[in-house]
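>>> I'd like to go over a predicted model; first the sequence, then the structure.
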Amino acid sequence: MTKNIIPIGPQHPLLKEPISVNIEVSGEDVLGGSLRIGYVHRGIERLAQERTYVQNVHLIERICGICSHVHTTTFCYAVEDLLGVEIPPRAQYIRALMCELERIHSHLLWIGILAKHIGLDMVFMHSWHNREIVLDIMEALSGGRVSHAANLIGGVRFDMDAEHESMVRRKLQKLGDQLFGVLDAIRTDPTIRARTIGVAPITADQIREYSVVGPVARASGVAVDMRRDSPLPPYDKLDFNVITYPEGDAWARTMVRVDETRESLKLCESILDQMPEGPVTTRVRRKVPAGETVIRAEAPRGEVFYYLRSDGSEFPARLKIRTPTLAALSLIPVQLSEIRVADIPVVLAGIDLCIACADR
Amino acid sequence: MLRALIDALFSKADTVQYPYGPVSLPEGFRGAIEFIPERCTGCGLCVRDCPANGLELIRESREDFQLWYYPARCAYCGQCQLTCPRGAISHTNDMVLPTTDPEGLAVLLKTGHKNSNKKQ
């Protein structure tokens, strides 16, 4: 049978962000694929060198529209590390609370997209409806739905009073009530099972070979989670499970995110329970002493890596950001073989693409 | 799942009819910029920290300066509010309405001599 190339992207209804995948097919069988990225490269690492540390917090928030908070959190911890400052415990807990809320809304967004690609619009609508509750919480706390601007170097911008806390608890309770039914339905739904079980399996060896992190790695049985392996405060004081599934197929990747959403909801509750009293900011100098540091954190899609070098001025000398999607993208050509054409959306959606993060 | 369906049937729509209906915004929402000229000393700290070059200080002398604000560039991040030591600049709860003329938005926040509001 003749071979054909199906070009998907850079603009395609399947994709929310620009990426180009050329898929080689023979009839209904996918033979292979190649990938091209870089369409939304904005040169953020270079731009960061021309801005002060204070301005960079807002620049870095704009790397990604989903995991914006974890990027600024990692950057702020890196700068605070160079400054030799430890932020107040309450600020650490508020940062972690925002990180977990972000993980919930990121995973709900992904579950919705997967369901949409499978053709199950009802799950898409329910998960995005529930995601709205999380965005409302984040907006009420920080003043922004997407760009929260919650972090500053030396702490967080807002404090939570009793009213905020009861609002967050009430809304999380409502979210849990509504969501658990949907998550249970995803686990047992015959359509989702039929479309994902056994599709595009990734072995643990491939995960290690391609240095893939996050939920994709955990779905292949590789238990990497920066919250446990290299914890930023206060994750060392919190108790949570690292969700792993051994199968490595699209089903396992779905279930990891479903279970992590529940785990993050529990984690939000325990963060609120343990939240200490006290100030939320500490005064820091504008000039950062010369030195270099590496900080890693667990974003919704996996490990984010920040390398920061300072030459003693107000501007960073070098900022290197490694995002989880870049490693996961390298697995797409591997996955695009021995599948059917109808499985392509599940494979492309399955690794939770964030091209803005990967291209920076 | 069935319960969720029944709940959805008897609850109000979650969507808002923007721009035809009111939008409920939380207390700390970072909306339009409010400026109190009397408090501004022209120190320029907000200009130095603005990540989007949304503020510009044109200074002739200590007393003679102009502080311009460009809403089209503004990222509504709230850094100026945080930086200003005198509380001269802050976010209000008002939604910023869209426009097709970004240049016409520029506002002269404070000037040493003249007191005009709009860029000529």
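Right, received. Where do you want to start? Numbering: from 1, shown residues only, chains lettered A, B, ... in the order given.
>>> The helix or strand where residue A:57 lies - contacts with which helices or strands?
Of the helices and strands defined by DSSP states H and E, residue A:57 is found in helix A:53-61. Under the contact criterion of 3 or more Cβ pairs under 8 Å, 6 or more residues apart in numbering or on different chains; DSSP states H and E, helix A:53-61 touches helix A:44-49, helix A:68-83, strand A:151-152, strand A:316-322, helix B:79-83. No exception for glycine: its C-beta is placed from N, CA and C like everyone else's.
>>> any idea of the angle it forms with strand A:316-322?
Here the directions of helix A:53-61 and strand A:316-322 differ by 20 degrees (axes from the mean of the first three to the mean of the last three Cα atoms, to 10 degrees).
>>> pull the CA atoms of helix A:53-61 into CSV?
Taking C-alpha atoms only, helix A:53-61 is exported to CSV below (Å, rounded to 0.1, in the frame of the first residue of the first chain):
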residue,chain,number,x,y,z
TYR,A,53,14.6,40.4,39.2
VAL,A,54,11.4,42.2,40.2
GLN,A,55,10.3,42.6,36.6
ASN,A,56,11.3,39.1,35.8
VAL,A,57,8.7,37.6,38.1
HIS,A,58,6.0,39.0,35.8
LEU,A,59,7.9,38.0,32.6
ILE,A,60,8.3,34.4,33.8
GLU,A,61,4.6,34.3,34.8
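>>> quick one: buried residues of the lengthiest helix in chain A?
Of all the segments of type helix in chain A, defined by DSSP state H, the longest one is helix A:89-118. For helix A:89-118, the neighbour count (16 or more other Cβ atoms under 10 Å in any protein chain shown) marks A:89-118 as buried.
>>> what does chain B put close to chain A?
B:1, B:3-4, B:7, B:14, B:26-30, B:48-52, B:75-79, B:82-83, B:91 (Cβ under 8 Å from any Cβ of the partner chain).
>>> for chain B, what are the low-confidence residue spans?
B:1, B:110-120 (pLDDT under 70).
>>> Not counting its neighbours along the chain, what's nearest residue A:233?
In this structure, residue A:233 finds its nearest non-sequential neighbour in residue A:92, 4.5 Å apart by Cβ to Cβ, 6 or more residues apart in numbering or on different chains.
>>> swap in residue A:319?
The nearest residue in space to residue A:319 (Cβ to Cβ, 6+ apart) is residue A:48, at 4.4 Å.
>>> Can you give me the separation between the one you found and residue B:79?
Residue A:48 sits 16 Å away from residue B:79, going by Cβ to Cβ, to the nearest Å.
>>> Over to residue A:214?
In terms of Cβ to Cβ, residue A:214 sits 31 Å off from residue B:79.
>>> Repeat that for residue A:79.
Residue A:79 is 15 Å from residue B:79, by Cβ to Cβ.
>>> Up against chain B, what does chain A have?
A:51-52, A:54-59, A:61-62, A:126, A:129, A:132, A:136, A:139-144, A:147, A:149, A:152, A:157-158, A:178, A:181-182, A:185.
>>> which residues sit in contact with residue A:90?
A:159, A:275-280 (Cβ atoms under 8 Å, 6 or more residues apart in numbering or on different chains).
>>> Please repeat the previous calculation with a cut-off of 6 Å.
A:276, A:278, A:280 (Cβ atoms under 6 Å, 6 or more residues apart in numbering or on different chains).
>>> With residue A:86 instead?
Residue A:86 touches nothing, counting by Cβ under 6 Å, 6+ apart.
>>> Help me confirm that it is found in a helix?
No. Residue A:86: not assigned to a helix; according to DSSP: H, G, I helix; E, B strand; the rest coil it is coil.
>>> ok, now how distant is it from chain B?
Residue A:86 is 21 Å from chain B, where distance means Cβ to the nearest Cβ, to the nearest Å.
>>> How about residue A:255?
18 Å.
>>> Would you agree that residue falls within a helix?
Yes. The assignment for residue A:255 is a helix, going by three-state DSSP.
>>> show me where the stretch 251-360 of chain A has strands.
A:291-299, A:302-310, A:316-322, A:339-340 (DSSP state E, counting those that start in this stretch).
>>> Just put those in CSV and tack on mean pLDDT and mean neighbour count.
Listed next are the strands of the stretch 251-360 of chain A as CSV, based on pLDDT from 0 to 100; neighbours: other Cβ atoms under 10 Å in any protein chain shown:
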stretch, mean pLDDT, mean neighbour count
strand A:291-299, 91, 20
strand A:302-310, 91, 22
strand A:316-322, 90, 18
strand A:339-340, 84, 16
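>>> how about the ones you listed in JSON lines, adding distance to residue A:231?
Formatted as JSON lines, those follow (distance: least, Cβ to Cβ, whole Å):
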{"stretch": "strand A:291-299", "distance to residue A:231": "9"}
{"stretch": "strand A:302-310", "distance to residue A:231": "12"}
{"stretch": "strand A:316-322", "distance to residue A:231": "19"}
{"stretch": "strand A:339-340", "distance to residue A:231": "37"}
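>>> ok, residue A:97 touching residue A:269?
No. Taking contacts as Cβ atoms under 6 Å, residue A:97 lies outside contact range of residue A:269: 10.2 Å.
>>> Tell me the secondary structure of residue B:13, please.
Assignment for residue B:13 (three-state DSSP): coil.
>>> From chain A, how far out is it?
Distance of residue B:13 to chain A, computed by Cβ to the nearest Cβ: 11 Å.
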